[in-house]
Each structure stands twice: as C-alpha cells, then as structure tokens.
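[1] just coords:
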C-alpha cells in the first residue's frame, strides 16, 4: 500500500509506474490511496496501515526524533531519466 498525500502531478512517477506495470514486473501488487495531506499520509505509514507514503520528507526526520525508524527512498526511474531524483517516498523500516 502506498499512501500519497494527495493526487497531484508531483507524483507522476508513481502513477506511470503503476499504469505501465513496473510494480507488477517486480512482483509487487501495489495499491495507491490518497491520505488527504502530508500528515495523513505519514500517519498511515507510522500506524502500519500503509507500507509506503509519498509526501513531505520532513515528516521522516520529525518521526525519527521520536523513535520511529523510517527512511527516504528515491524514484529510480525518474533518476535514470533526469540524472537526479525529483521525488521521494517514505518507507517504514521494521
């Protein structure tokens, strides 16, 4: 489960990967839900109802200060295309 903050062009890499079958090619059954904002998406992640969240990376640093173990991941297909990572995704590390 990926919980995005909101539907937006910022997350186009996520939508393209889903629509073009990238996740399926990797053996992943990915569902995308909209949280309604960065705080809601990150809350879904830290509560365990989502394995990934896309939104403001500042939430990872704030939560790590409070003892939550998380990490930032980059979108590799965007990095390959543009030479830099333009999107970040948060992931719960268990």
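    That came in fine, so what should we check first? Remember, it's a predicted structure, so these values are computed and weren't measured experimentally.
[2] Please count neighbours and contacts with C-alpha atoms only from this point.
    Noted.
[3] mind listing what residue 39 touches?
    5, 59 (CA atoms under 8 Å, 6 or more residues apart in numbering).
[4] okay, it: pLDDT?
    For residue 39, the pLDDT comes out at 85.
[5] ok, now how distant is it from residue 54?
    Per CA to CA, to the nearest Å, residue 39 is found 11 Å from residue 54.
[6] Overlap of the contact sets of these two?
    Joint contacts of residue 39 and residue 54 (CA under 8 Å, 6+ apart) are residue 5.
[7] is it true that residue 41 touches residue 5?
    Yes: counting by CA atoms under 8 Å, residue 41 touches residue 5, with 5.1 Å between them.
[8] can you list residues touching both of the two?
    Joint contacts of residue 41 and residue 5 (CA under 8 Å, 6+ apart) are 34-35, 53-55.
[9] By mean pLDDT, flag the weakest helix or strand of the chain.
    helix 76-82 (a mean of 45; mean pLDDT, DSSP states H and E).
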